[in-house]
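*Asks:* predicted model and sequence below, questions to follow.
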Amino acid sequence: MHVLHFTDLFTDGDFDDYFDLAGIYALDRLESAAIVLDGDGDQQTGPRGGSAALRRFQRLIGRRDPFFIGLNRPLRSPDDPGSDSPPELQRNVEKILDWLETVPGPVTVTVVSSLRTLAAAYNRNPALLQDKIERVLVVAGDAAVSYQEWNVALDASAYRRILSSPLPVWQVPCFECGLWSSGPHSAYFTARHSELFERTDDALFRWYIYRFYQQTDPYETYRWTPAEQADFLAATRNLWSVPFFTILDGSYPDLLQQFDRSTGRSLNDIFTFEPGPVRYRAGERIVTVPDRLIPQLRLPEPDSYPSFGKFIIRHNFARIRRKINAQEEFFTSQDGLPPAE
């Protein structure tokens, strides 16, 4: 399985993207991944940027997947190839196209940020993306199109480009009808960190609490106080994406059965996808793309969805811990440590 993941993960951003990253690397049969970091390039490459967090996480689990800094200026129109962004970022779009060209097999795309860099890549080589991409999971939008949700507003032209393109887009709206709203067609839920972290004494917890407190001190010597740990565990996290990654590797049916057994309930699907129209806002108007239906989220059991989401995150953490333990055991057997970054 090959995944191209677009994220605005960086230290000063919403912390939910860190849980999304673990969800990607917990996928079964993940052969290769490429990560595109959305946002300002200088911010992403600094000591508090997403690139530092990503390199550390990959090192923990023993992976060296490529990552690219995405475009930092909105597209002028849905057809814009992203020519307003600096040349070094435009070269990254070409590198993404090169990665798509050379990866041996179909690619799944996940977007939990703006769609700017993906849209620019599509506008530069639509035939390649249509040939190589088997699914684009887009976590963005408002189910009622009552306003421009954050990921849409970051680049509305890019959103229109991808959702109206022939690409096999599956949409997960962030909200139901307005900011912080939830309902049967939206992904938003919340969880306290104490509901997600079953251990506080391992490398995975260290990585999360280190990034949560936006540390620039050396990771290896970082120590947190009991008060910091208590505050971290009491913090409430806004979450959207992770439960739906389970459809990407086919693990959803088995995990749903495990969830049913753990809760003592027998439920139908927690979520499904049903064909729906592509709609977006143009000023005060809602525009519907003609003759375009895409799979869109529906929650038959919306009351059970948050519990399922927390279950999936704990499951992902267990898988990531096994990867970290395997990496530590390997270097112990080699009588050495991972190479310094």
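*Replies:* Structure received.
*Asks:* mind checking the longest strand of the protein?
*Replies:* strand 285-298 (DSSP state E).
*Asks:* immediately after it, which helix or strand?
*Replies:* helix 305-333 (DSSP states H and E).
*Asks:* what about residue 50, how many neighbours?
*Replies:* Using other CB atoms under 10 Å, residue 50 is surrounded by 28 other residues. Placement of C-beta: from N, CA and C, glycine included.
*Asks:* revised request: answer the last question for residue 101.
*Replies:* 11.
*Asks:* what packs against the longest strand of the chain?
*Replies:* helix 156-163, strand 169-172, strand 272-282 (3 or more CB pairs under 8 Å, 6 or more residues apart in numbering; DSSP states H and E).
*Asks:* let's see that with 10 Å instead.
*Replies:* Packed against strand 285-298 by the contact rule (3 or more CB pairs under 10 Å, 6 or more residues apart in numbering; DSSP states H and E) you find strand 133-139, helix 156-163, strand 169-172, strand 272-282.
*Asks:* quick one, strands of the stretch 51-200 of the chain?
*Replies:* Taking DSSP state E, counting those that start in this stretch as the test, the strands found in the stretch 51-200 of the chain are 67-69, 107-111, 133-139, 169-172, 189-192.
*Asks:* and those strands as a markdown table, adding mean pLDDT and mean neighbour count?
*Replies:* As requested, the strands of the stretch 51-200 of the chain are exported to a markdown table (pLDDT from 0 to 100; neighbours: other CB atoms under 10 Å):
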| stretch | mean pLDDT | mean neighbour count |
| --- | --- | --- |
| strand 67-69 | 94 | 22 |
| strand 107-111 | 98 | 25 |
| strand 133-139 | 98 | 21 |
| strand 169-172 | 98 | 22 |
| strand 189-192 | 98 | 16 |
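*Asks:* which residue ranges of the stretch 101-250 of the chain form helices?
*Replies:* 116-124, 126-132, 150-153, 156-163, 203-212, 226-234 (DSSP state H, counting those that start in this stretch).
*Asks:* what inclination does the longest strand of the chain have with respect to helix 156-163?
*Replies:* Computed by axes from the mean of the first three to the mean of the last three CA atoms, to 10 degrees, the angle separating strand 285-298 from helix 156-163 equals 50 degrees.
*Asks:* report the distance from strand 285-298 to the chain centre.
*Replies:* 22 Å (CA atoms, centre = their mean, to the nearest Å).
*Asks:* ok, which of the strands of the stretch 51-200 of the chain comes nearest residue 163?
*Replies:* Minimum separation from residue 163 across the strands of the stretch 51-200 of the chain (CB to CB) falls at strand 169-172, 5.7 Å.
*Asks:* hmm, back to that, quick one: which of the strands of the stretch 51-200 of the chain is nearest residue 59?
*Replies:* Using CB to CB, these put strand 67-69 closest to residue 59, at 12.7 Å.
*Asks:* identify all contacting residues around the closest one.
*Replies:* 4-7, 9, 33-45, 49-51, 54-55, 58, 85-86, 88-89, 91-96, 99, 117 (CB atoms under 10 Å, 6 or more residues apart in numbering).
*Asks:* give me the pLDDT for residue 102.
*Replies:* Confidence per residue is given as pLDDT, and for residue 102 that number is 97.
*Asks:* from residue 132, how far out is it?
*Replies:* 10 Å (CB to CB, to the nearest Å).
*Asks:* among these two, which residue is more densely surrounded?
*Replies:* Set residue 102 next to residue 132 and count neighbours by other CB under 10 Å: residue 132 wins out with 19 against 7.
*Asks:* for the more buried one, give me its contacts.
*Replies:* So residue 132 contacts 2, 4, 97, 99-101, 103, 105-107, 109, 125 (CB under 10 Å, 6+ apart).
*Asks:* could you list the low-pLDDT ranges of the stretch 151-300 of the chain?
*Replies:* Judged against pLDDT under 70, the stretch 151-300 of the chain has no low-scoring part.
*Asks:* swap the cut-off to 80 and go again
*Replies:* Within the stretch 151-300 of the chain, the ranges that satisfy pLDDT under 80 run 214-217, 265-267.
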